[in-house]
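[1] no FASTA, just this:
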């Protein structure tokens, strides 16, 4: 189990560090699907970052993202933010499932999701919003 | 209302009586502990008149409660107060409400003429004028508003804590209420709101620069104690976000006609005219308590599906594979709902089209009539002119589908696939607790591999693909194909067994299968991939093949010469390329020896094995691993004949992606590995 977990941590570094600057890394757990999802999330991150900063969007406790404060977004852009959130969450759910599959342990999906959730929050920039374990929102 | 009027009259009479009784004193005052009416209640009422002519009025309420809202310390003062036999008037009053600037007020009240007029002019442009007249049996009241700020009534709106609150906006128009001794008899409202800005605390229900014209008429029918009402609401301009919907523009209209009883709201006729989408007509019954829908009928014809999908449907499909579609065409809908359950639904589509923006599927010129009835069997007719799934083109399809509750079945269906056909039989689908389940049996009539490879944008190949499929089933996002698909390709056969597609239209599609390849012609194979020339035939077993996003991530492959007698020749270019995959030693050896003078060589056997795991291909050669384990080297081509050549591999573990990149460079004919 330690080897897959080690790979998972490496993979997370691969995913999370890039939100500061996506750097290349050779991860054994990488699959074509993960590569695709990573590219998709990278591209979307450039759109989402402003909404993380403004507080409109925050990280949820279950490894996804959600609208935190719609008032921080112009009215006409709120549906766009909804779409970005939905697309990002689809990618994230697929990512967690794919990592579990790549490690030949589909049943790990929940654990991977939980671990990712903590890491997303840990690596979030100062001022970004996240959901605490009791569901309340807090600002980093 | 009647109690209110009586309360006011009594207070006024008491005031007048006290005043006259104390005429000789410069100040008179009146206090009332509390007043209750169906509309409001008030506590701590103090009225005082000062000055010799009683020309100044001071009126104070400790507390007033209206519609559940409480104000404290409400006061009215009047510097020019008139009190005559039957007339009370103020031409220069000031109303003070908590959280508001002092409001200039003028009012007149006559017990003889039976009227009350109150005018509030907060600014030069803004006025709120209330007038009321009555006699023994009836009363009439009117509220006229000119440039009224909607924020002044924000506290009066219901559920201000959970509902959106107006932050800005102007009201113009009037509201008339008439009544008799039993209460209100009719209501007539004509209001226009402009530049309205509202939002709830989350911002998920908000509007900006909204303009709405509202006309509402209601008449009380004493016979059955019901209200007959009708309303017209025109959206003039502005934008509204009502999670997850967003509307902008003008011209949308909502018309409603109905009755209101003690328990229910009866909507006899309703229509919404949505610009760019179309008209929706509806009727129904709603319970006033709990706001539950009891009955509902919805009919819409000739709707523009593009705008309907983008503005109304798509926001609700955010987490599904259908969220990112472009939809075209027109459609009709009819829905009947009775006693809290759907009874029937009909969907008609006219020349519709759906295109997935992630290029997973597309269907064009869809025409369909899909009826559904509870506890009845119906037949749906569906056709489309062409389409594609995972880039594979489909031809025209016409299907009749039997619908029985949520069980769907199609006895026979032919789907043209490229130049072949997929014949489906006994298709059935039903909705289970964990999603849809469907199955069918079928036959794939030969499809040209040339066309298939072109469609899939992979290396062009020739041959055919066909198969008999005893059962294809879909359950829990997995398509399970029982039977075999047969590829007649490279003058041999490839048989795909145990084929499974996991989330084929999802973001992480997986395919698993076992491939058996027999008697493939190496000459055709190597020419197809520009690999250098080889003559001979090979068999290959590729078990446990798994594709992720249509690329291999796992397999156990074993390639070897086919049994039988046939020419076995290999060109120097092919040797160089093979060597490049497994280690450059052999090719370099050729270049150093006299053998470089030969263009072709003979061989007796070919063997290559690859176990792909974690992006690494663990390679082996002709002999089983146990016999070659003493050495890193393994035999890939064993020489035989003249001139003979034996090619050895030296790298047992090769990064798969690196190997694919090398193959790609070789087959593209660029930069040969060894010159």
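    Arrived safely, thanks for sending. Just so it is clear, the structure is predicted and the values come from calculations on it, not from any experiment. Residues are numbered from 1 along each chain as shown, chains lettered A, B, ... in the order given.
[2] Scan the helices and strands of chain A for the one with the lowest mean pLDDT.
    Lowest on mean pLDDT, DSSP states H and E among the helices and strands of chain A sits helix A:18-21, with a mean of 34.
[3] Would you confirm that residue B:310 belongs to a helix?
    Yes. Residue B:310: assigned to a helix according to DSSP: H, G, I helix; E, B strand; the rest coil.
[4] Show me what counts as buried in the helix or strand harbouring residue B:73.
    Using DSSP states H and E, residue B:73 sits within strand B:69-78. For strand B:69-78, burial by neighbour count (16 or more other C-beta atoms under 10 Å in any protein chain shown) applies to B:71, B:74, B:76, B:77, B:78. Every C-beta, even on glycine, is put in place using the N, C-alpha and C of the backbone.
[5] Now do that strand: which elements does it pack against?
    Contact partners of strand B:69-78 among helices and strands, from 3 or more C-beta pairs under 8 Å, 6 or more residues apart in numbering or on different chains; DSSP states H and E: strand B:56-66, strand B:87-96.
[6] Next, the angle strand B:56-66 makes with that strand.
    Put simply, strand B:69-78 runs at 170 degrees to strand B:56-66, going by axes from the mean of the first three to the mean of the last three C-alpha atoms, to 10 degrees.
[7] re earlier: helix or strand right after the least confident helix or strand of chain A?
    helix A:32-54.
[8] Make TSV from the helices and strands packed on strand B:69-78 and add mean pLDDT to it.
    Output for the helices and strands packed on strand B:69-78, formatted as TSV (pLDDT from 0 to 100):
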stretch	mean pLDDT
strand B:56-66	85
strand B:87-96	88
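[9] Which of those sits closest to residue B:391?
    Evaluated over these, closeness to residue B:391 peaks at strand B:56-66, with 66.0 Å, by C-beta to C-beta.
[10] Now do the buried residues in stretch B:563-582.
    Applying a neighbour-count criterion of 16+ other C-beta under 10 Å, one finds B:568-582 buried in stretch B:563-582.
[11] what does chain A have sitting close to chain B?
    A:28-33, A:35-37, A:40, A:67, A:69-73, A:75-76, A:78-79, A:82-83, A:85-87, A:89-91, A:94-95, A:97-98, A:101-102 (C-beta under 8 Å from any C-beta of the partner chain).
[12] Kindly provide the whole-number mean pLDDT of the strand holding residue B:73.
    Taken as a whole, strand B:69-78 has an average pLDDT of 85.
[13] Next: stretch A:51-58.
    96.
[14] Give the buried residues for that stretch.
    By neighbour count, with 16+ other C-beta under 10 Å as the criterion, the buried positions of stretch A:51-58 are A:51, A:52, A:54, A:55, A:56, A:57, A:58.
[15] The second one contacts residue A:126, doesn't it?
    Yep, that's residue A:52 we're talking about. No. Counting by C-beta atoms under 8 Å, residue A:52 sits too far from residue A:126 to count as a contact (11.0 Å).
[16] quick one: low-confidence parts of chain B?
    Scanning chain B for pLDDT under 70 picks out B:1-27, B:37-39, B:52-54, B:67-68, B:156-162, B:580-598, B:624-631, B:666-675.
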